[in-house]
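1. here is my input; please provide its structure:
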Amino acid sequence: MNKTGAKTSPPAAVIVLAAGSGTRMKSTKPKVLHEVVGMALIDHVLHAAAPLSSASTVVVVGHGKEQVLAHLAKAHPQAVTVVQEQQNGTGHAASIALQHLTQLSGPVLVLAGDTPLLTTADMQRTLAELADNAGVVLTAHLSQPAGYGRIVRSSTGSVDAIVEERDATPAQREITEVNSGVYAFDAALLRAALTDLKTDNSQGEQYLTDVLSNLRSQGHGVAAVLTTEENILGVNDRRQLAQVGAVLRTRICDEWMLAGVSMVDPTTVWIDRTAVLEPDVTLLPNVAITGKSVIRGGATIGPDCSLHDTVADHCATVSRTTSIGAIIGEGATVGPYTYLRPGTVLGAGAKAGGFVEIKNATLGTNAKVPHLSYVGDATIGDGTNIGAATVFVNYDGQEKHHTTVGNQVRIGSDTMLVAPLTIGDGAYTAAGSVITEDVPAGAMAVGRSRQRNIIDWVLRRRPGSESATAALADSSKKNVKSNKNSE
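-> Modelled structure (predicted):
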């Protein structure tokens, strides 16, 4: 919205500068691809700019261009990419972008690719000021402005120039109002001003900031739009990455709470920007919901859960669980201390209990794996119960094999199900069995040998051991008791 409350017209182009090396990140990954709350830094910038409905979006890449180009082609195929082979400054980067926008006229918005806290509202406010000016910069007052370009104003309060810290005088370094790296320009005036940029500065580069002072010297209006310190924070190192992550975490949690999600302790909840939650979800402490997870109404997640690319359906309960790529059905219960791996599907009312690991397996309606079991590469029917310490033996050393367990089956505790295998509907297996053959419907499968006790084996094979001493003591007690009974 502009000053009169009218809707801001879409910009002719949005240019995102993402060519910097980011050496302070100390990483082989380009800075703009470092992730926070589920999205790369540049994704956050493009996400905030998307509602502007720009006619063109151009991203200038340079350092690590192969990685950045591959990411943008997948995540933002609508964006045009141009390469700044030599990083000769922000002004030079803007010139390269304009070379690919030959017929451009109207407002141009320039953004930095490493500022994930930028808001759509601030971009709109910056564009709105362009109605009365040739150039606009978004600024903020920082308590510690070191490292930022300073906004130098005239005695009347108008913007005279932006001075980079390396080129600032001691007096200018005391200024707290700083440059955010967000600018709006008239395209024709920007194109002309860029041809006049000099490199007489400490970096020997063409500064885009000099365009504003050039426009000012030509008699054009230049304005500044003030925002909060938080909104303009950029990322240059890992500490700042964590700082902006904490801010985004708070913003995202606030948004979901206002949308009807309950959080017992939002300071311990992390939700990726890409996740979706419905009203009446409850999140307990220490929860991370990442990737493309979907949590539906009535579900309770936590405490101590990490859900990635996971769907938790209505009224599911998940406690102390790690889940990756799983689907948790309506009213299903999971945990505690449970690991759901990719391909896991729990039907409505199903249970994956404590110390259970499930991978590439489907549990039918009301099926239960209550505790201490591994289920891999399996289909388990409705109402079936898998006893404690059961293992689906799915790997023969070279290939994975599938096990099918029918409806209303009872698998006894400590059963080894050696795949490939089919257990018919209503069948049972005896506790402690190793099942290697298919079990017909309604049968009881017993896969264990008859127990044989070898008397006095310990006394003969382990004489003098603690076990032998205990056995002798027990034998002595029994002899004394036997003698008393015979008297």
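
2. can you get me the start-to-end distance on stretch 70-82?
-> 13 Å (CA to CA, to the nearest Å).

3. now it, how far from the centre of its chain.
-> In terms of CA atoms, centre = their mean, to the nearest Å, the centre of stretch 70-82 is set 20 Å apart from its chain centre.

4. with stretch 249-269 instead?
-> From the chain centre to the centre of stretch 249-269 is a distance of 16 Å (CA atoms, centre = their mean).

5. equivalent analysis for stretch 79-98, please.
-> The answer for stretch 79-98 is 30 Å, by CA atoms, centre = their mean.

6. what sits up against that stretch?
-> 13, 15-17, 19-21, 46, 56-63, 65, 68-69, 72-73, 99-100, 104, 110, 187, 190-191, 194, 197, 199, 203, 205-211 (CB atoms under 8 Å, 6 or more residues apart in numbering). Quick note: C-beta positions are derived from backbone N, CA and C, even for glycine.

7. buried ones in it?
-> Going by neighbour count (16 or more other CB atoms under 10 Å), the buried part of stretch 79-98 is 79-82, 84, 88-98.

8. same check on stretch 163-177?
-> Applying a neighbour-count criterion of 16+ other CB under 10 Å, one finds Val163, Glu164, Ala168, Gln172, Ile175, Glu177 buried in stretch 163-177.

9. could I get the residues you listed as TSV with secondary structure, distance to Pro420 and pLDDT?
-> Converted to TSV, these look like this (DSSP: H, G, I helix; E, B strand; the rest coil; distance: CB to CB, whole Å; pLDDT from 0 to 100):
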residue	secondary structure	distance to Pro420	pLDDT
Val163	strand	73	92
Glu164	coil	69	90
Ala168	coil	73	93
Gln172	helix	76	95
Ile175	coil	74	96
Glu177	strand	71	97
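
10. which two in those residues are spaced the farthest apart?
-> Using CB to CB, the buried residues of stretch 163-177 reach their maximum pairwise distance at Glu164 and Glu177, which is 14.1 Å.

11. need the contact list for the residue positioned nearest the centre of the chain.
-> Nearest to the mean C-alpha position of the chain, counting by CA atoms, centre = their mean, stands Gly38 at 2.9 Å. Gly38 makes contact with Asp272, Arg273, Thr274, Ala275, Thr290, Gly291 under the criterion CB under 8 Å, 6+ apart.

12. need the residues that contact the helix or strand hosting Thr404.
-> Element membership of Thr404, judged by DSSP states H and E, is strand 403-405. For strand 403-405, the external contacting residues (CB under 8 Å, 6+ apart) are 377-381, 384, 386, 392, 394, 411, 417, 419-423.

13. buried subset of the residues you listed, written for ChimeraX?
-> To isolate the buried members of the contacts of strand 403-405 in ChimeraX, using 16+ other CB under 10 Å:
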select :377,378,379,380,381,384,386,392,394,411,417,419,421,422,423
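
14. looking at the contacts of strand 403-405, which are in strands?
-> Asp377, Ala378, Thr379, Ile380, Ile386, Phe392, Ile411, Leu417, Leu421, Thr422, Ile423 (DSSP state E).

15. contacts only, for the closest residue to the first one other than its chain neighbours.
-> This points to Asp377. What sits nearest to Asp377 in space, not counting adjacent residues and going by CB to CB, 6 or more residues apart in numbering, is Asn394, at 4.3 Å. Residues near Asn394 by CB under 8 Å, 6+ apart: Gly376, Asp377, Ala378, Lys400, His401, His402, Thr403, Ala419.

16. still on that earlier bit, state the distance from the residue lying closest to the residue nearest to the centre of the chain once chain neighbours are set aside to Met39.
-> Spatial nearest neighbour of Gly38, chain neighbours left out: Asp272 (2.7 Å); criterion: CB to CB, 6+ apart. Distance of Asp272 to Met39, computed by CB to CB, to the nearest Å: 7 Å.

17. got the domain boundaries for the protein?
-> 13-232, 260-445 (automatic domain parsing).

18. roughly how far is the last one from the heart of the chain?
-> Centre-to-centre, domain 260-445 and its host chain are 22 Å apart (CA atoms, centre = their mean).

19. strands of the stretch 1-150 of the chain, residue ranges please.
-> 13-18, 35-36, 39-40, 57-61, 80-83, 107-112, 135-141, 150-153 (DSSP state E, counting those that start in this stretch).

20. switch those over to CSV; also include mean pLDDT.
-> Output for the strands of the stretch 1-150 of the chain, formatted as CSV (pLDDT from 0 to 100):
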stretch, mean pLDDT
strand 13-18, 97
strand 35-36, 97
strand 39-40, 97
strand 57-61, 97
strand 80-83, 96
strand 107-112, 97
strand 135-141, 96
strand 150-153, 94
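
21. sorry, back to before: out of the ones in strands among the contacts of strand 403-405, flag the one nearest to Asp438.
-> Thr422 (4.6 Å).

22. that closest one is in contact with Glu437, isn't it?
-> No - Thr422 is not in contact with Glu437 according to CB atoms under 8 Å; the separation is 9.5 Å.

23. against Ala316, how distant is the nearest residue to Ala18 once chain neighbours are set aside?
-> Among residues not flanking Ala18 along the chain, Gly113 sits closest, at 3.2 Å (CB to CB, 6+ apart). Distance, Gly113 to Ala316, by CB to CB: 38 Å.

24. before we move on, what about Leu138?
-> Distance from Leu138 to Ala316, by CB to CB: 43 Å.

25. before we move on, what about Leu72?
-> 36 Å.

26. show me the helices in this structure, by range?
-> Applying DSSP state H to the chain gives helices spanning 41-49, 65-75, 90-99, 120-129, 170-173, 187-194, 209-217, 238-258, 457-461, 466-486.

27. average pLDDT for stretch 379-399?
-> For stretch 379-399, mean pLDDT is 97.

28. Pro51 - how many residues pack around it?
-> Close neighbours of Pro51, defined as other CB atoms under 10 Å, add up to 12.

29. spatially nearest residue to it (excluding sequence neighbours)?
-> In space, Pro51 comes closest to Thr120 once its chain neighbours are excluded; the distance is 4.9 Å by CB to CB, 6+ apart.

30. tell me the confidence at that neighbour?
-> In this model, Thr120 is scored at 97, pLDDT.

31. verify the stated contact: it with Leu52.
-> Yes - with contact defined as CB under 8 Å, Thr120 reaches Leu52; the gap is 6.9 Å.

32. any low-confidence regions in the protein?
-> 1-8, 478-487 (pLDDT under 70).

33. now with 50?
-> 1-6 (pLDDT under 50).
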